[in-house]
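> kindly generate the corresponding structure for this input.
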Amino acid sequence: MPQIKLYPIIATFLSCMAFDNGYAQQRDSTLNLTLDQCLQFAYQHNPTLQQSLLDKQITEQGIHSRLADWFPQINFDYNIQHSFQLQTSNIGGNLIQLGVRNTSAGQFSATQNIFNSDALLASSTAKTVRKQADQNITSTKIDLAVNVGKAFYDVLLTKEQLKVLDENITRLDRSLTDAYNQYEGGIVDKVDYKRATIALNNTKAQRKTANDVLKAKFSYLKMQMGVNDSVQLNLSYDSSRLAVIAVMDTTGAMRVQNRIEYQLLKTQQSLQHANYNYYKWKFLPTVQAFGNYNLNYLNNEFSNLYRDNYPNSFAGVRVSVPLFQGFRRVANMKQAKLQLKRVDFDLENLGNSVSAEYSQALATYRGYLNDYYSLKENVTIAADVYETIELQYKAGIKTYLEVITAQTDLRTAELNYTNALYQLLGSKLDVERALGSINPN
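Modelled structure (predicted):
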């Protein structure tokens, strides 16, 4: 009894399970994901990336279609014919009808390219075209990694802003209670607790606005990831590590060769060079072997048409030499050479634009980094000032207006620090993209 190999069966089963799990995630009402998991999910479900993967498959089938010209081309033709009137010829003064009334033929034909410029172009560029398809996927993945990363950090920024506002609401609530108690005790007039009420209502309004903005930012992140908007998305992250992740080494040199855009242009340059060679090959003859086997049936009686067969067969080599085509080939060669030169300018232009992009991204990053360190210190100072003034207010030394001012300063410092941290994280992605250091695999 033959042994059954289980490895292909197990592999197929596991593939199906992984495929089902991807769709099960979409059906779940809640997803709990880290940034890396968000990226992996986006790589599997983002529609734009899926289109790029389909484009690669389309390209692969196109290559197979063009390479098919190197294989033998075998055809079969069939016909049947009935003549109502036979052709009449004058032979030696006698009128004689030629042929028979019923004929039928079947023709097997085969051709084999020996040298063909179109087939040669297909075989010489197949590897490069596949490389270009892979590079397009990489380019899409890099854009997706940056977009998902920025959207992820944008959501975290808004959540941190909500947390700051919640803490501020708690402080204002406590201050409102203190001010009202002092008013009830006759220590202060009603102005203090009215101001506290106004400040609290304003902060609550800001929180509602921030909460609505958070929903929109979640929707944008889901769109980038390819998640249905009805799915609840919970982001998992280590807030203590964000400050460490945000800082990067900015002393490294930028090399345009690391950019996927440069690699795509170099691939395009190779294809343009192959296209130029293709038009040179057009001056060479096309060589093709061919062979035919024909079945011939002749009879005046239709019922006896296929009784007798008169076959014939032949084989040969066909050489087609293009002598003159109205200077089309020369014009095509010149056009291809100009297009090749245009790619050189594209490479030069890319080098300049990438250098400018890197300088801008680096300047922005360094600016946010400086803001981050400065604003981090401001939070500590503002918290200390608020605590001191609050104690002095309770002791009757400071007015409530100074308490509100200190609360506002603390909230502003905390929000500015939070903004600086997440802007720093987002600008770091721009620097990494400018450097070409993002690895989407």
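
> tell me where the stretch 51-200 of the chain has strands.
Along the stretch 51-200 of the chain, counting by DSSP state E, counting those that start in this stretch, strands occupy 73-82, 87-91, 94-98, 102-115.

> dump these to a markdown table, plus mean pLDDT.
What follows is these, written out as a markdown table (pLDDT from 0 to 100):
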| stretch | mean pLDDT |
| --- | --- |
| strand 73-82 | 94 |
| strand 87-91 | 78 |
| strand 94-98 | 78 |
| strand 102-115 | 94 |
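
> need the winner for burial among those strands.
Compared across the strands of the stretch 51-200 of the chain, strand 102-115 shows the largest average neighbour count, a mean of 15 (mean count of other C-beta atoms under 10 Å). The C-beta positions use only the backbone N, C-alpha and C, and glycine is treated the same way.

> now find how far off-centre that strand is within its chain.
47 Å (C-alpha atoms, centre = their mean, to the nearest Å).

> other SSEs contacting it?
Contact here means 3 or more C-beta pairs under 8 Å, 6 or more residues apart in numbering; DSSP states H and E; on that basis strand 102-115 packs against strand 73-82, strand 286-299.

> what bits of the stretch 301-441 of the chain have low per-residue confidence?
In the predicted model of the stretch 301-441 of the chain, no residue satisfies pLDDT under 70.

> just the helices in it please.
With helices called from DSSP state H, counting those that start in this stretch, the stretch 301-441 of the chain shows them at 328-394, 400-435.

> tell me the spacing between the residue nearest the centre of the chain and residue 428.
Centroid check for the chain by C-alpha atoms, centre = their mean gives residue 140 as the closest residue, at 2.4 Å. Separation of residue 140 from residue 428 (C-beta to C-beta, to the nearest Å): 21 Å.

> same check on residue 258?
Taking C-beta to C-beta, one finds residue 258 at 16 Å from residue 428.

> quick one, which of the two is more surrounded?
Set residue 258 next to residue 428 and count neighbours by other C-beta atoms under 10 Å: residue 428 wins out with 22 against 14.

> list the contacts for the closest residue to the more buried one other than its chain neighbours?
In space, and not counting its chain neighbours, residue 428 is closest to residue 248: 5.6 Å by C-beta to C-beta, 6 or more residues apart in numbering. For residue 248, the contact set (C-beta atoms under 8 Å, 6 or more residues apart in numbering) comprises 365, 428, 431, 432.

> any chance of those residues in TSV with distance to residue 120 as columns?
Listed next are the contacts of residue 248 as TSV, based on distance: C-beta to C-beta, whole Å:
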residue	distance to residue 120
365	49
428	48
431	45
432	42
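
> from these, which is closest to residue 153?
Lowest distance from residue 153 to the contacts of residue 248 (C-beta to C-beta) belongs to residue 428, with 9.4 Å.

> residues contacting that closest one?
Residue 428 touches 245, 246, 248, 365, counting by C-beta under 8 Å, 6+ apart.

> could you redo the last one with a cut-off of 7 Å?
246, 248, 365 (C-beta atoms under 7 Å, 6 or more residues apart in numbering).

> next, find the distance separating the first one from residue 425.
By that I understand residue 246. To residue 425, residue 246 is 5 Å away according to C-beta to C-beta.

> how close does residue 53 sit to residue 44?
Between residue 53 and residue 44 the computed distance is 10 Å (C-beta to C-beta).

> would you mind listing the buried residues in stretch 139-151?
Using 16 or more other C-beta atoms under 10 Å as the test for burial, stretch 139-151 gives 139-151.

> need those in CSV with pLDDT and distance to residue 158, can you?
Listed next are these as CSV, based on pLDDT from 0 to 100; distance: C-beta to C-beta, whole Å:
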residue, pLDDT, distance to residue 158
139, 94, 29
140, 95, 27
141, 94, 26
142, 94, 25
143, 94, 23
144, 95, 21
145, 94, 21
146, 94, 19
147, 94, 17
148, 94, 16
149, 93, 15
150, 92, 13
151, 94, 11
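
> which of the helices of the stretch 301-441 of the chain sits most buried?
Taking mean count of other C-beta under 10 Å, helix 400-435 is the most buried of the helices of the stretch 301-441 of the chain, at a mean of 20.

> can I take it that residue 262 is in a helix?
Yes: Residue 262 forms part of a helix when assessed by DSSP: H, G, I helix; E, B strand; the rest coil.

> how many residues are close by the residue lying closest to it once chain neighbours are set aside?
Spatial nearest neighbour of residue 262, excluding adjacent residues (C-beta to C-beta, 6+ apart): residue 256 at 5.1 Å. Neighbours of residue 256 under the rule other C-beta under 10 Å: 18.

> please read off the pLDDT at residue 256 from the model.
Here the pLDDT value assigned to residue 256 is 91.

> which residues touch it?
262, 350, 351, 354.

> just to revisit the earlier point, TSV for the strands of the stretch 51-200 of the chain, including distance to residue 128?
Converted to TSV, those look like this (distance: least, C-beta to C-beta, whole Å):
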stretch	distance to residue 128
strand 73-82	26
strand 87-91	57
strand 94-98	58
strand 102-115	21
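
> residue 379: which of those is closest?
Closest approach to residue 379 among these (C-beta to C-beta): strand 102-115, 74.8 Å.
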